[in-house]
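Sequence isn't available, so here's the structure alone:
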């Protein structure tokens with residue numbers, strides 16, 4: 001190990017908190033595990049499967065129906081532990097420090113974080129997942145909450161990101177947040193695993209002018225005599241809330257605009273190459289695997305926090321997506337759906353509600369019952 005770098009050994013800690021959440025502190029160095037969200041969307045919803053692990057930002061893959069309808073490519077557990085912090089959700093921060101900037105990627109075990117004093121935790125419930133990280137060296141806290149959208153005409157994974165300034169000085173931050181890879185609708189698991197480069201010729205991104213990209217193949221790639229055009233698609237919607245009004249954040253969909261020649265996605269070279277990174281003038285939106293990243297410029301006064309909202313999911317067609325944007329891009333809507341999702345799961349668990357001398361046993365009974373329902 002090079003001189004001047006000391007990797008502090010951290011140990012995982014497991015416990016149940018007062019809210020009944022299972023908490024893993026320093027989860028990135030804990031024994032690896034894998035789990036699924038319940039995938040229950042209520043009587044009138046469209047179920048979404050979400051596979052998560054205790055690495056990176058947790059979500060390893062998700063989609064609808066089966067592996068052939070993934071939005072983030074399905075990986076088995078051993079591959080997910082390797083790839084969740086690379087192809088899963090990523091957050092890149094450039095924090096101004098005098099005439100220079102300090103680079104920080106929350107929830108990542110990369111070399112760029114070795115000199116930071118970091119603590120993180122994962123909070124697991126039957127209905128969702130929350131991760132938190134404090135960077136005591138920079139005086140920043142990042143919190144990310146995940147849950148499914150129930151009882152609606154589309155399938156969606158909601159993600160709420162909160163960044164808080166813990167220090168006594170102002171923080172000027174440039175942020176990129178999103179997914180390095182999004183699978184366009186119509187791409188089967190066979191193509192992802194065995195013909196990934198070939199299937200890119202069919203891939204495309206639409207609706208970028210509206211700020212909510214729609215990812216799909218142009219036509220069904222199955223070898224057949226007739227041409228079948230694909231109408232369904234996956235979407236990425238990001239927004240912030242200011243003065244009680246939502247502001248759609250138009251995403252970057254071309255991976256090269258962020259990572260440049262770094263094709264292993266280890267470092268956002270283009271983002272780091274300039275002091276003030278700007279939304280690209282030109283993007284390639286055809287014939288390559290797309291991404292979805294949101295660019296934000298923040299100035300946080302001491303103790304201030306900013307919240308950003310994301311919904312990534314599946315929609316039946318582009319017209320339905322555009323007519324739904326105003327409804328989905330609302331913090332009130334997402335908070336309502338979060339509580340609705342929680343209530344659906346808790347109502348199912350009431351059948352086996354147990355009150356004993358052991359809180360752990362009571363929660364175990366509920367979770368086991370839910371697992372058997374699924």
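That came through, no problem. All figures in this text were calculated on a predicted structure; none of them were measured in a lab. Numbers count the residues shown, from 1 in each chain.

How about residues contacting the longest helix seen in the chain?
With DSSP state H setting the assignment, residue counts place helix 331-349 as the longest helix in the chain. Residues external to helix 331-349 that are found in contact with it (CB atoms under 8 Å, 6 or more residues apart in numbering): 38, 40, 42, 125-128, 145, 147-152, 158, 160, 241, 246, 307, 309, 311, 327-328, 366, 369-370, 373. For the C-beta atoms, the positions are set from N, CA and C on the backbone; glycine is no exception.

Sort out which of these are buried, if you could.
Neighbour counting by 16 or more other CB atoms under 10 Å classes 38, 40, 42, 125-128, 145, 147-150, 152, 158, 160, 241, 246, 309, 311, 328, 366, 369-370 among those as buried.

Sitting in helices, which of those do you find?
Secondary structure assignment by DSSP H places 328, 366, 369, 370 of these in helices.

Which of these sits closest to residue 266?
Compare each of these with residue 266 using CB to CB and the shortest gap goes to residue 328, at 32.6 Å.

returning to that earlier point: tell me the one of the ones in helices among the buried ones among the contacts of helix 331-349 nearest residue 356?
Lowest distance from residue 356 to these (CB to CB) belongs to residue 366, with 12.0 Å.

Spell out the residue ranges of the helices in the stretch 1-150 of the chain.
Across the stretch 1-150 of the chain, reading from the start of the chain, the helices by DSSP state H, counting those that start in this stretch fall at 77-87.

Low-confidence stretches in it?
Judged against pLDDT under 70, the low-scoring parts of the stretch 1-150 of the chain cover residues 1-8.

again, 80 this time
Within the stretch 1-150 of the chain, the ranges that satisfy pLDDT under 80 run 1-9.

could you pull out the strands for it?
When assigned using DSSP state E, counting those that start in this stretch, the strands of the stretch 1-150 of the chain occupy the ranges 13-16, 22-25, 34-36, 49-53, 59-63, 70-72, 90-97, 100-104, 118-124, 129-135, 140-148.

Adjacent strands (with direction) for the fourth one?
Pointing back at strand 49-53 there. Strand 49-53 pairs in its sheet with strand 34-36 (antiparallel), strand 59-63 (antiparallel), by DSSP bridges.

quick one, which of those strands is packed in tightest?
A comparison of those by mean neighbour count, using mean count of other CB atoms under 10 Å, puts strand 59-63 on top with a mean of 26.

Between strand 140-148 and that one, find me the angle.
Angle, strand 59-63 to strand 140-148, by axes from the mean of the first three to the mean of the last three CA atoms, to 10 degrees: 30 degrees.

Mind listing residues that contact strand 59-63?
Around strand 59-63, the neighbours that count as contacts under CB under 8 Å, 6+ apart are 34, 48-53, 69-75, 80, 83-84, 88-89, 146, 157, 183, 312, 314.

Give me the phi and psi for the residue of the chain most remote from its centre.
Note on the chain: the largest C-alpha distance from the chain mean falls to residue 225, namely 38.6 Å (CA atoms, centre = their mean). According to degrees, to the nearest 10, the main-chain angles of residue 225 amount to phi -70, psi -30.

now the strands: where do they sit in the stretch 251-374 of the chain?
If DSSP E, counting those that start in this stretch is used as the criterion, the strands of the stretch 251-374 of the chain fall at 292-300, 305-315.

okay, the angle between the shortest one and strand 90-97?
Which is strand 292-300. With the same axes, to 10 degrees as the criterion, the two stretches strand 292-300 and strand 90-97 enclose an angle of 30 degrees.
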